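Novice: Attaching a predicted model along with its sequence, questions to come.
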Amino acid sequence: MSDPQYYPVHCRTTYIVRPGDSMWTIANMYGIPLDCLIRANPQIPNPNLIYPGQQICIPAFCPPERHCREMYIVRPGDSMWTIANMYGIPLDCLIRANPQIPNPNLIYPGQQICIPYHCW
């Protein structure tokens, strides 16, 4: 697998930074992991310093993180349990690899699920 920092980024939309915004608040606003938002915006040298008027790419797809062997796109009828079984990994491992999912019993078609290399 290639290094995630070199994945092409396709922006779902562009967000214009407003006073009081942070990368964290923007990531939460769009329901994406903070590290995904940061990786999608390499033009921002310090993610702790953003300024009103800056353009932020809201990625349509989050490239896999280093600990993910694959990103699985949830289909209708999927559950974390069925996905874990499909990949032969423990359910608790799959849940730990996806902290962006607040309720593992509630996933939706189109969501991205990290399939981890290793369980920890």
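Specialist: Sure, I can see it. Everything numeric in this text was worked out from a predicted model, so none of it was measured. Numbers count the residues shown, from 1 in each chain.
Novice: which residues does the closest residue to Ala40 other than its chain neighbours form a beta bridge with?
Specialist: Computed as C-beta to C-beta, 6 or more residues apart in numbering, the closest residue to Ala40 that is not its neighbour in sequence is Pro59, at 4.0 Å. (Each C-beta comes from the backbone N, C-alpha and C, glycine too.) In this entry, Pro59 is beta-bridged to Cys11, by DSSP bridges.
Novice: contacting residues around Pro59?
Specialist: Residues near Pro59 by C-beta atoms under 8 Å, 6 or more residues apart in numbering: 9-12, 32, 36-37, 40.
Novice: How about Cys62?
Specialist: By C-beta under 8 Å, 6+ apart, the contact list for Cys62 reads 32-33, 36, 39-40, 71, 112.
Novice: Confirm that Trp81 sits in a helix.
Specialist: Yes: counting by DSSP: H, G, I helix; E, B strand; the rest coil, Trp81 is part of a helix.
Novice: any idea which of the contacts of Pro59 is closest to Asp21?
Specialist: Leu37 (11.5 Å; C-beta to C-beta).
Novice: which phi and psi does that closest one have?
Specialist: Dihedral pair for Leu37: phi -60, psi -40, per degrees, to the nearest 10.
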